[in-house]
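*Asks:* test case, fold it:
(2 chains)
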Amino acid sequence: MDAIPLFFLLGFLARLARSDLKIPAQLYEALSIYLLLAIGLKGGMELAQQDALRVLPQAVSVMALGVLIPLLAFPVLFKLGRLDRFNAASIAGHYGSVSVVTFAVGVNFLVARGQDYEAYMPLFLVLLEMPGIAVGILLARLGGDFRSIRWGTLAHEIFLGKSMVLLGGGLLVGWIAGPQGLEPLDPFFFTLFKGVLCLFLLEMGLVAASQVPALRTSGLFLALFAVIMPVVSALLGAALGALIGLSAGGALLLATLAASASYIAAPAAMRIAIPEANPGLSITAALVITFPFNILIGIPLYDRIVGLIYGS
Amino acid sequence: MPNTHPCKLVVIVTEAAIEDELAADVMRLGAHGYTTMDVRGQGSHGPRSGLWGADRSIRMEILCDATTSLAITTHVEKAYFKNFAMVLFVADVGVLRPDKFVHHG
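*Replies:* As a prediction, the model looks like this:
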């Protein structure tokens, strides 16, 4: 069994058992900077060896997927779940955007069994982060007052937020420097990566468990949504992966990205753009249910789905 | 004989998500400066542990005159009370070097 998801469980159980274990906020910040940069660099390095004409249509269709997912999620939350427009839109935006750590766990899943994938996938991670958030915000303001949106502040939050700067910046640095330029950084950014990911998952377990009390108020519908929506999105991601000619490994990662929900970039952006939405609901769904579901059950399940599509 | 001068201390405890906006508002409304700290605690929005991004809280302190204090509290009440976790209070304090905090004329 792969050790990485176990670290999440360790953190989760430790917090539930009221252990005094705590990852200092500064270390959490440092770990997330490291993870985002390492993922960006790795993707950029591979991107340098790719034909732009081949990647571009893939990139465009992946962004379209990022727009489609919140558009599917919104009516379900709004009509079926009877959430108000603001909460439905905010949650839809969280599910349209992506989780970097879920992606990293997906990569680890492939690496652990030696399966190949398009190593420039982090590019798609960057591209998927933003559209979902933007669509969520537009849905919230639909038919209402668009002037109340402070586009400048919001664009700044989305494009210059730390995750975009580190992922996008890492991608650029990796692309410019290429494999030779990054070779000296290899031990730090790539060899140590798995260890840092373990620490980060330990922290995610602590954080997720600390949000568990909010489950009581969020209701059964949201809990079901947080399990069913990722599977639907993963199906779309896997199908799109096959359609745009990704390898089975690449399709699994695209399915994982589609299934994941943002709990870092989206909450920060939504808090400013849709202050009427209750952040407790979206964070409970994305972090307490969808994130553990994806890393413990989802990824192996999506692997099966991809296997069916690719006939292996 | 005390060497301090009367001054208002405005304290805002709220979500870290709106720190930049709030700081801009406060300066626009006439404050000469502010001090912000990362904090954690619990209130009507449940525990805010400060463990990670969306759960972080700040405490902003502003020393200013009564007019500015009123402008800040009025604006903050209108702009943020409805949708954000927030505690706001004003205290009368004594400061040294009042020119640093108080408008004249």
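*Asks:* does A:Ser19 count as helix, strand or coil?
*Replies:* On the three-state scheme (DSSP: H, G, I helix; E, B strand; the rest coil), A:Ser19 is labelled coil.
*Asks:* tell me, how many residues neighbour it?
*Replies:* 13 (other Cβ atoms under 10 Å in any protein chain shown). Where C-beta positions appear, they are placed from N, C-alpha and C, glycine not excepted.
*Asks:* quick one: it from A:Leu296, how far?
*Replies:* 20 Å (Cβ to Cβ, to the nearest Å).
*Asks:* from what I can see A:Ile133 touches A:Pro267, true?
*Replies:* No - if you go by Cβ atoms under 8 Å, A:Ile133 and A:Pro267 don't touch, sitting 10.0 Å apart.
*Asks:* looking at those two, which is more packed in?
*Replies:* A:Ile133 (28 against 25).
*Asks:* what about the helix or strand where that one lies and chain B, any contact?
*Replies:* Secondary structure from DSSP states H and E places A:Ile133 in helix A:122-141. No - legend: contact between helix A:122-141 and chain B by Cβ under 8 Å from any Cβ of the partner chain is lacking; minimum distance shown is 12.4 Å.
*Asks:* what helices and strands are in contact with that helix?
*Replies:* helix A:25-47, helix A:52-75, helix A:85-96, helix A:100-112, helix A:151-159, helix A:162-182, helix A:248-259, helix A:265-273 (3 or more Cβ pairs under 8 Å, 6 or more residues apart in numbering or on different chains; DSSP states H and E).
*Asks:* hmm, try it at 7 Å
*Replies:* On a contact count with 3 or more Cβ pairs under 7 Å, 6 or more residues apart in numbering or on different chains; DSSP states H and E, helix A:122-141 meets helix A:25-47, helix A:52-75, helix A:85-96, helix A:162-182, helix A:248-259, helix A:265-273.
*Asks:* which intervals of the chain have sub-threshold pLDDT?
*Replies:* You didn't pick a chain, so chain A it is. A:143, A:145-149, A:312 (pLDDT under 70).
*Asks:* please go with chain B instead
*Replies:* For chain B, counting by pLDDT under 70, the residues that fall below are B:1, B:51, B:104-105.
*Asks:* chain A contacts on that one?
*Replies:* Counting by Cβ under 7 Å from any Cβ of the partner chain, chain B comes close to chain A at B:Glu15, B:Ala17, B:Ile18, B:Gly46, B:Ser49, B:Gly50, B:Leu51, B:Trp52, B:Gly53, B:Ala54, B:Asn83, B:Phe84.
*Asks:* who's the first one bridged to?
*Replies:* Read it as B:Glu15. B:Ser57 (DSSP bridges).
*Asks:* tally of neighbours for it?
*Replies:* Per other Cβ under 10 Å, the neighbour tally for B:Glu15 reads 22.
*Asks:* for it, which residues are in contact?
*Replies:* A:Arg271, B:Ser57, B:Phe84, B:Ala85 (Cβ atoms under 7 Å, 6 or more residues apart in numbering or on different chains).
*Asks:* do the second one as well
*Replies:* Residues touching B:Ala17, when contacts are defined by Cβ under 7 Å, 6+ apart, comprise A:Ala268, A:Arg271, A:Ile272.
*Asks:* look up how far A:Gln26 lies from it.
*Replies:* Using Cβ to Cβ, B:Ala17 is found at 19 Å from A:Gln26.
*Asks:* for the one residue in the stretch 51-200 of chain A that gets nearest to chain B, which non-adjacent residue is closest in space?
*Replies:* In the stretch 51-200 of chain A, the residue that lies nearest chain B is A:Thr153 (7.2 Å; Cβ to the nearest Cβ). Among residues not flanking A:Thr153 along the chain, A:Ile272 sits closest, at 6.4 Å (Cβ to Cβ, 6 or more residues apart in numbering or on different chains).
*Asks:* lovely, talk soon.
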